[in-house]
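Enquirer: coordinates only, sequence not included:
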């Protein structure tokens, strides 16, 4: 009898231990990687809203650990392979760095693509299921959004007309903007954002096309001194993507927490964050007497627009992506 009681006690004890272990093993930690500094706007606008929302909803049982500055591997062009291989569970990236993979998605980057009454994130999600999903194999996008409008950021060069770009080397983030700069008469140079500072400082490039938020994020005000605002230069698209298999392996509760804190809600936060940072940065640039800020007038803008409009229509026809733009606009 004593033996039976002892066995029963052992069984009960083992069951309690297994239950306790099961509770511990239920907790998950997701690795989120990006290649920029902790001060970059991606953290405040996208990374931490996701992290804090998920962790609050799951009482900390689902943790998102952030690895900034390339801690899980340097090289922004490797972001998508990194998440596919499981090196990171979630990554932030720019389609422009691997333009050939995102031919449809990058339609949103074209000048004139986004109507005045729409947002880039709306357009991307409008077209996602029918048009863009195939460009994100093996992943679940958690956010899709675009930057503030691009501007010219130059060192000692004033840009008021397309002719001013002749003979100048202009850094771009992707193939679409490269083609646009070529149409304007400049020489596009594609390189990661982390290389811009030294390239502008040493004269490897004369300037760049990107959003004003990058001036703050990459300290470009230390090497640039002329800014031209108002030309139709499009936007830059971004994604935050999660390994699909990792997502599928999570409990229904954890999946719900991811879903509730991502998608259009997180995308809107990203776009608003980029625009707010750009407005703050432009204000500081204008207030610095060492800078020249050129606000293009309507006639100057129109000279760029004539080229940009032809560029957009020709590119849509050549790439067969008119239907993509229509889907983005909900047409």
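Expert: Good, I have the coordinates. Predicted model, so just to flag it, every value in this text is computed and none were measured.
Enquirer: contacts and neighbour counts: CA atoms only from here.
Expert: OK.
Enquirer: So what are the sheet partners of the helix or strand hosting residue 30 and their directions?
Expert: Element membership for residue 30, per DSSP states H and E: strand 28-33. For strand 28-33, the pairing partners within the sheet under DSSP bridges are strand 62-67 (parallel), strand 90-93 (parallel).
Enquirer: Buried by neighbour count: which residues of the following helix or strand past the longest one qualify?
Expert: Following the chain from strand 62-67 toward its C-terminal end, the next helix or strand by DSSP H and E is helix 79-84. Of the residues in helix 79-84, those scored as buried under the neighbour-count criterion (16 or more other Cα atoms under 10 Å) are 79, 80, 82, 83, 84.
Enquirer: re earlier: and the strand holding residue 30, what's its mean pLDDT?
Expert: Mean per-residue pLDDT for strand 28-33: 98.
Enquirer: After that strand, which helix or strand is next?
Expert: Following strand 28-33 toward the C-terminus (DSSP H and E): helix 41-42.
Enquirer: what comes into contact with that following helix?
Expert: By Cα atoms under 8 Å, 6 or more residues apart in numbering, the list of residues contacting helix 41-42 from outside reads 213, 217, 270, 273, 274, 277.
Enquirer: how close does residue 142 sit to residue 168?
Expert: Going from residue 142 to residue 168 by Cα to Cα, to the nearest Å gives 38 Å.
Enquirer: which one of these two has more residues nearby?
Expert: Ranked by neighbour count (other Cα atoms under 10 Å), residue 142 and residue 168 place residue 142 first, with 23 against 16.
Enquirer: gap between the host helix or strand of the more buried one and the chain center?
Expert: Assessed by DSSP H and E, residue 142 sits inside strand 139-146. A distance of 8 Å separates the centroid of the chain from that of strand 139-146, by Cα atoms, centre = their mean, to the nearest Å.
Enquirer: Please apply the same query to stretch 168-179.
Expert: Offset of stretch 168-179 from its chain centre (Cα atoms, centre = their mean): 17 Å.
Enquirer: what's the burial count for residue 145?
Expert: That count, for residue 145 with other Cα under 10 Å as the rule, works out to 27.
Enquirer: OK, contacts around it?
Expert: By Cα under 8 Å, 6+ apart, residue 145 lies in contact with 120, 121, 124, 237, 238, 239, 267, 268, 270, 271.
Enquirer: and the fifth one, what pLDDT?
Expert: If you check residue 238, the pLDDT there is 98.
Enquirer: Spatially nearest residue to it (excluding sequence neighbours)?
Expert: The shortest distance from residue 238 to any residue other than its chain neighbours is 4.7 Å, reached at residue 94 (Cα to Cα, 6 or more residues apart in numbering).
Enquirer: That neighbour: how many residues sit nearby?
Expert: Residues near residue 94, counting by other Cα under 10 Å: 22.
Enquirer: now swap in residue 264 and tell me
Expert: So residue 264, with other Cα under 10 Å, has 18 neighbours.
Enquirer: Same question for the one 3 residues further on.
Expert: The number of residues packed around residue 267, counting by other Cα under 10 Å, is 27.
Enquirer: Equivalent analysis for residue 65, please.
Expert: When counting by other Cα under 10 Å, one arrives at 15 neighbours for residue 65.
Enquirer: give the contact list for the closest residue to it other than its chain neighbours.
Expert: Closest residue to residue 65 apart from its sequence neighbours, by Cα to Cα, 6+ apart: residue 31 at 5.1 Å. Counting by Cα under 8 Å, 6+ apart, residue 31 touches 64, 65, 66, 67, 88, 89, 90.
Enquirer: Next one: residue 31 from residue 78, what distance?
Expert: Distance of residue 31 to residue 78, given as Cα to Cα: 16 Å.
Enquirer: What are the boundaries of the helices in this structure?
Expert: With helices called from DSSP state H, the chain shows them at 2-26, 41-42, 48-57, 79-84, 120-127, 175-184, 196-202, 213-217, 244-249, 252-260, 264-287, 298-319, 322-328.
Enquirer: With distance to residue 112 added, can I get the ones you listed in TSV?
Expert: Converted to TSV, those look like this (distance: least, Cα to Cα, whole Å):
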stretch	distance to residue 112
helix 2-26	48
helix 41-42	25
helix 48-57	30
helix 79-84	28
helix 120-127	11
helix 175-184	12
helix 196-202	26
helix 213-217	20
helix 244-249	33
helix 252-260	31
helix 264-287	17
helix 298-319	7
helix 322-328	11
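Enquirer: Quick check: which of these is buried the most?
Expert: Of all the helices of the chain, helix 120-127 has the most neighbours on average by mean count of other Cα atoms under 10 Å, namely a mean of 24.
Enquirer: Quick one: residues in contact with it.
Expert: For helix 120-127, contacts defined as Cα under 8 Å, 6+ apart pick out 105, 108, 114, 132, 144-146, 264, 267-268, 271, 324, 327-330.
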